[in-house]
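compute the structure for the input listed below.
(chains A, B and C)
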Amino acid sequence: MLIFSVFKTLTDQRVTVELKNDLSISGVLKSVDQFLNIRLDSIKVLDETRHPHMMAVKNCFIRGSVVRYVQLPAEHVDTQLLEDATRREAANQTRR
Amino acid sequence: MDPSTTGIQEPFDLIRLSLSERVFVKLRGDRELTGILHAYDGHMNLILSDVEETIMMVDPVDENFEGQGTVKVAKRKMEMLFVRGDGVILVSPPSRT
Amino acid sequence: MDESTPPPPDHNSSPPPPPPVTVSGSPTDFLKGVVGKRVIVRLTSGVDYRGILSCLDGYMNIALEQTEEHVNGFTTNRYGDAFIRGNNVLYISAAEPI
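Modelled structure (predicted):
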């Protein structure tokens, strides 16, 4: 839930999603769900020469399970807030 | 249960105590990261900053040389990174060896 | 193939080895017994981690201390502490009497 919330705060920001098949797509984060499926708009494939079939694609839906990394805009991430929220969630998990 | 260490009762405690510290992460696909840990969850999804990634690739030219072919490494840096937990093999806190 | 009826159990195979005398019964008992002891954790990738087992959870997530990483016989890394994500674990083996 915590990571889901983080992604929600980053909607309308530009992120770069790196997939497990090494395809990297940068785009504007339009939405995310609890599985961390991701919808991107105005996408750009980083290595277009290697993936020419992606050139015409303007937006996409990415299944969460195929994601390796998401590069986030650091200026929109409050790291102190993240750490506090993580500790809080960890405390709730162990108390169950 | 009486763990010899300082207050670690479950494996995730090790990760919790590493928040805001630089950690080493070993990933599937011969990748390693170091970065400052800011968030994690039960899947081991991570958010790290000031990340350096190391990708190990065996040079195909030397591969016939009995397994220990020359390993090429590629490095890159990323400012803020989400890492999906299913790729994580190992996380190690900063070396207090 | 020459026998059409299935053989009765235990008939033409040697009896299973007796359980280690130091451990009673269940896998859970074994895991409780090795906490705080030296263990070898083998991952499905074939990599071994040798260290002192701090603790583990139901997913087999593991915390190790004084860990050495072994890849086909060579020590490839040392970690003061290491968290291993459970899905990678093939087995945990006691490296000292328990």
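
contacting residues around the worst-scoring helix or strand of chain A on mean pLDDT?
Ranking every helix and strand in chain A by mean pLDDT, DSSP states H and E puts helix A:79-95 at the bottom, with a mean of 91. Defining contact as CB atoms under 8 Å, 6 or more residues apart in numbering or on different chains, one finds that helix A:79-95 is touched by A:1-2, A:5-6, B:10, B:12, B:16, B:19-20, B:36, B:38-42, B:47, B:49. Using the backbone N, CA and C atoms, a C-beta is placed for each residue, glycine as well.

which of these come close to chain C?
With CB under 8 Å from any CB of the partner chain as the criterion, the contacts of helix A:79-95 include B:10, B:12 near chain C.

so what's the spatially closest residue to B:F82 that is not a sequence neighbour up against?
Leaving out its chain neighbours, the residue that sits closest to B:F82 by CB to CB, 6 or more residues apart in numbering or on different chains is A:V70, at 4.1 Å. A:V70 makes contact with A:7, A:15-18, A:38, B:81-82 under the criterion CB under 8 Å, 6+ apart.

out of those residues, who's nearest chain C?
Here the nearest of the contacts of A:V70 to chain C, counting by CB to the nearest CB, is B:F82; it sits at 16.3 Å.

burial measure for the closest one, as a count.
24 (other CB atoms under 10 Å in any protein chain shown).

might one say that it is in contact with B:I47?
Yes. Contact criterion CB atoms under 8 Å: B:F82 and B:I47 qualify, at 5.4 Å.

which residues do these two both contact?
Counting by CB under 8 Å, 6+ apart, the residues touching both B:F82 and B:I47 are A:3, A:6, A:72.

would TSV of these with neighbour count, distance to C:G46 and pLDDT be doable?
Converted to TSV, these look like this (neighbours: other CB atoms under 10 Å in any protein chain shown; distance: CB to CB, whole Å; pLDDT from 0 to 100):
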residue	neighbour count	distance to C:G46	pLDDT
A:I3	25	31	98
A:V6	25	35	98
A:L72	24	34	98
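
near chain B, list only the ones from these.
Answer for the shared contacts of B:F82 and B:I47 near chain B (CB under 8 Å from any CB): A:3, A:6, A:72.

got the residues of chain C near chain B?
Chain C comes close to chain B at residues C:32, C:35-36, C:43, C:45, C:49, C:52, C:54-57, C:61-63, C:65-67, C:72, C:78-85, C:87-88, as judged by CB under 8 Å from any CB.

strands - which of those residues land there?
Counting by DSSP state E, the part of the residues of chain C next to chain B found in strands is C:43, C:49, C:52, C:54-56, C:62-63, C:65-67, C:78-84.

are any of those residues buried, and which?
C:43, C:49, C:52, C:54-56, C:62-63, C:65, C:67, C:79, C:81-84 (16 or more other CB atoms under 10 Å in any protein chain shown).

before we move on, back to that, now narrow the residues of chain C next to chain B to whatever sits close to chain A.
Counting by CB under 8 Å from any CB, no member of those is near chain A.

so which of the shared contacts of B:F82 and B:I47 sit within strands?
Short answer: the shared contacts of B:F82 and B:I47 have none in strands (DSSP E).

so what's the closest residue to B:V88 other than its chain neighbours up against?
Closest residue in space to B:V88, ignoring its immediate chain neighbours: B:M44 at 4.5 Å, by CB to CB, 6+ apart. Counting by CB under 8 Å, 6+ apart, B:M44 makes contact with B:15, B:85, B:88, B:91, C:85.

most neighbours, which of those?
Compared across the contacts of B:M44, B:V91 has the highest neighbour count, 27 neighbours, by other CB under 10 Å.

can you tell me the SS state at it?
strand (DSSP: H, G, I helix; E, B strand; the rest coil).

picking that back up, any idea how far the residue nearest to B:V88 lies from A:C60?
Look at B:M44 and A:C60: by CB to CB, to the nearest Å, they are 26 Å apart.

contacts only, for the most centrally placed residue in chain B.
Closest residue to the average C-alpha location of chain B: B:V25 at 0.4 Å, with CA atoms, centre = their mean. Under the criterion of CB under 8 Å, 6+ apart, the contact list for B:V25 reads B:32-35, B:46, B:48, B:83, B:88, B:90-92.
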